[in-house]
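**Q** Structure for the following, please:
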Amino acid sequence: MNLYEQIEAYISNALSPEERADFERQLAQDPEIKKAYDDWLYTEAVVQKHETAEKQVPQLRALLEPLTKAYFDKQPAVVRRTGRVRKLMLAAVAVAAVFVLFILTPAGIDRYPVTPMPNVVVRGAADHSKEGGQLFNAEQYPAALPHLKAAAEGDPEDVMAAFYYGVCLLKTEQPAAALPVFEKLLQSSSVYQEDSYFFAALCAYKTSNRALAEKYATAVPKNNVYYKNAQRILKKLK
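**A** Next comes the predicted model:
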């Protein structure tokens, strides 16, 4: 089994307990394996977002076509002859405006990336982790919460279920309940350990525990995806 087969088996929960523990030790100790794992999750997230965007194209077209037709059909013929160019220009301006607003809008502490929960296709019997993951990836956090809670409490060794349960608690404005979930993950050697420092810091900040928020935010490594988010928390604590 090569590295990427191991990653897929780990995400799919297809490894034995011994193999899973061994792979998690490798993730914690080998930067190259950790990077390959992170790249895998990132690629999966991009693919899922692309598929979601494709599903929204017909809805977007249905919304835009009546508006553009209503506007351009009322213009003089000389304008209509260059309508395609004007439409492209207007579209480009609109996209640019949205992009600039996104880039220039100050990033708050709640603006943080969350990789979609992997392996969420439900096959056969009901599976709380997978059902919860589907709802989580659809940003239906209140609906996802009981499934992820059942998965996390049903298997205390399932660090993936625990991590996403903690994030889901945060997304449903329950930082006090989420904090011990992330603090437990900090004691593990799993792939979610480093990320949990940021989320524990965010929970502590939201519950007005400034000392704990500073402690955990400071512990986020510079090469971690949440490092800049952790720095925002530290700035707010000054």
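**Q** contacts, neighbours, all on C-alpha from now
**A** Fine.
**Q** Please report how far D158 lies from M1.
**A** 22 Å (CA to CA, to the nearest Å).
**Q** When the two are compared, which one has more neighbours?
**A** Taking neighbours as other CA atoms under 10 Å, D158 and M1 compare with D158 leading, 15 against 7.
**Q** List the contacts of the more buried one.
**A** 151-152 (CA atoms under 8 Å, 6 or more residues apart in numbering).
**Q** Try it again at 7 Å.
**A** By CA atoms under 7 Å, 6 or more residues apart in numbering, the residues touching D158 are A152.
**Q** Quick check on it: phi, psi?
**A** With angles defined as degrees, to the nearest 10, D158 sits at phi -80, psi 90.
**Q** And it, how close does it get to E173?
**A** Computed as CA to CA, the D158 to E173 distance reads 23 Å.
**Q** Same check on A213?
**A** 17 Å.
**Q** More neighbours: which of those two?
**A** Between A213 and E173, counted using other CA under 10 Å, A213 has the larger neighbour count: 25 against 13.
**Q** which one is that one nearest to, not counting chain neighbours?
**A** Sequence neighbours aside, A201 is the residue nearest to A213 in space, at 4.2 Å (criterion: CA to CA, 6 or more residues apart in numbering).
**Q** So that neighbour, which state does it fall into?
**A** Assigned with DSSP: H, G, I helix; E, B strand; the rest coil, A201 falls in the helix class.
**Q** residue contacts, it?
**A** 212-214, 216-217.
**Q** so which of these would you say is closest to Y197?
**A** Y216 (5.2 Å; CA to CA).
**Q** Check which helix or strand the closest one maps to.
**A** helix 210-218 (DSSP states H and E).
**Q** For that helix, buried residues please.
**A** If you call a residue buried by 16 or more other CA atoms under 10 Å, then helix 210-218 has these buried ones: 210, 212-214, 216-218.
**Q** Done for today, thanks.
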